[in-house]
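In: Need a 3D model of the following:
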Amino acid sequence: MKVSRRTFLKTGLAGTALLATGNVAQAEVLATEAKKAPKANPFHISCAGYTFARFDLETALKTLKRCDVHYLCIKDFHLPLDATDAQIAAFHKKCAEYDVTGYGVGPIYMKTEAEVDRAFAYARRVGVKVLVGVPNYEILPYVDKVIKNYPEIYYAIHLHGPDLPIFQDASVIWEKIKDLDPRFGMCLDIGHDFRNGADPVADMKKYHSRIFDMHIKDETAPDKSGRCMEIGRGKIDFPGLVKMMRKVNYTGMCSLEFEKDMKDPFMGIAESYGYLRAVCDLV
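Out: Residues are numbered from 1 along each chain as shown. As a prediction, this is how the structure comes out:
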């Protein structure tokens, strides 16, 4: 039975988010599933602090509250690496006012052993379990040594696609860390992975045992020309990704890192969360 656009819209936010992308054909197919109970997801929808690089913490928290998002990966422009214990306590108190928890820190770039030490000490003082880092290749053995002194922390290398000469996609990170401490893994940035010609769905399947965090976004093309778009408007297979995350029981965070319209990202943020939730409900 063909489902009309009006009927699908009656299913609520999920239909609205999918139709907003212009993908009416996919929306009508998924509409037949709209009345079924949403499937349980092992992962959590969250936010990467870089999304709010041009805004203060309170603006970020107000936005997350309106989007019903409760987890934030902390960037150092909101909580400096040299923050005092009092500043850290005040930061967590402010987040709690908006029902948001800072679950991780980073990405933090590390070129020296001193910077590695500083980053790990910062993560411990902030009280998070995930440290997203971008270490130079030559200090990987030192990171592997230091991580053993922080049994509560998982170290997730952030990949950067074709824009940087290191850690371009998940396969590169895997080759560098597969023989290191089991808490040495990756932050799978699906947008940059895709822009380097990789398949984020296949990489989730291959490397899920070492994926400790995710940055999610959509992209216009699977190469360096690709640009960040609202989730659902680009080329990444989000239904396939959600299904794969369930299949491998990925229990970490899916943090939106919205890098479009950085001066006014709010409509794109809301649309991206709406589409992602629609996919989670309907596939």
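In: Share the number of residues neighbouring Arg125, please.
Out: 14 (other CB atoms under 10 Å). (C-beta placed from N, C-alpha, C; glycine too.)
In: Would you map the strands across the chain?
Out: Using DSSP state E, the strands found in the chain span residues 44-48, 71-74, 101-110, 130-135, 154-158, 184-189, 211-216, 218-219, 228-229, 253-256.
In: Turn those into JSON lines, including mean pLDDT and distance to Lys94.
Out: Output for the strands of the chain, formatted as JSON lines (pLDDT from 0 to 100; distance: least, CB to CB, whole Å):
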{"stretch": "strand 44-48", "mean pLDDT": "98", "distance to Lys94": "15"}
{"stretch": "strand 71-74", "mean pLDDT": "98", "distance to Lys94": "11"}
{"stretch": "strand 101-110", "mean pLDDT": "98", "distance to Lys94": "10"}
{"stretch": "strand 130-135", "mean pLDDT": "98", "distance to Lys94": "20"}
{"stretch": "strand 154-158", "mean pLDDT": "98", "distance to Lys94": "25"}
{"stretch": "strand 184-189", "mean pLDDT": "98", "distance to Lys94": "24"}
{"stretch": "strand 211-216", "mean pLDDT": "98", "distance to Lys94": "22"}
{"stretch": "strand 218-219", "mean pLDDT": "98", "distance to Lys94": "30"}
{"stretch": "strand 228-229", "mean pLDDT": "97", "distance to Lys94": "28"}
{"stretch": "strand 253-256", "mean pLDDT": "98", "distance to Lys94": "19"}
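In: do you know which of the ones you listed lies nearest Ala170?
Out: Closest to Ala170 of the strands of the chain is strand 184-189 (CB to CB; 5.8 Å).
In: Distance from the chain centre to that closest one, please.
Out: Put simply, strand 184-189 sits 10 Å off its chain's centre (CA atoms, centre = their mean, to the nearest Å).
In: circling back to that earlier point, can you redo the strands of the chain as CSV, where the extra columns are mean neighbour count and distance to Ala170?
Out: Shown next, in CSV, are the strands of the chain (neighbours: other CB atoms under 10 Å; distance: least, CB to CB, whole Å):
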stretch, mean neighbour count, distance to Ala170
strand 44-48, 23, 17
strand 71-74, 24, 18
strand 101-110, 22, 15
strand 130-135, 24, 14
strand 154-158, 27, 10
strand 184-189, 28, 6
strand 211-216, 26, 8
strand 218-219, 24, 15
strand 228-229, 22, 18
strand 253-256, 24, 15
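In: what's the closest of those to Met262?
Out: Nearest of the strands of the chain (CB to CB): strand 228-229, 9.6 Å.
In: can you count the residues close to Gly240?
Out: 16.
In: tell me the pLDDT at the spatially closest residue to it that is not a sequence neighbour?
Out: Excluding its sequence neighbours, the residue lying closest to Gly240 (CB to CB, 6 or more residues apart in numbering) is Val201, at 4.5 Å. We have a pLDDT of 98 for Val201.
In: Touching, Val105 and Gly127? I think so.
Out: No: assessed by CB atoms under 8 Å, Val105 is found out of contact with Gly127, at 9.8 Å.
In: quick one: which of the strands of the chain is nearest Ile236?
Out: Per CB to CB, nearest to Ile236 of the strands of the chain: strand 218-219, 5.1 Å.
In: Go ahead and measure how far the closest one is from the middle of the chain.
Out: That offset, for strand 218-219, works out to 13 Å (CA atoms, centre = their mean).
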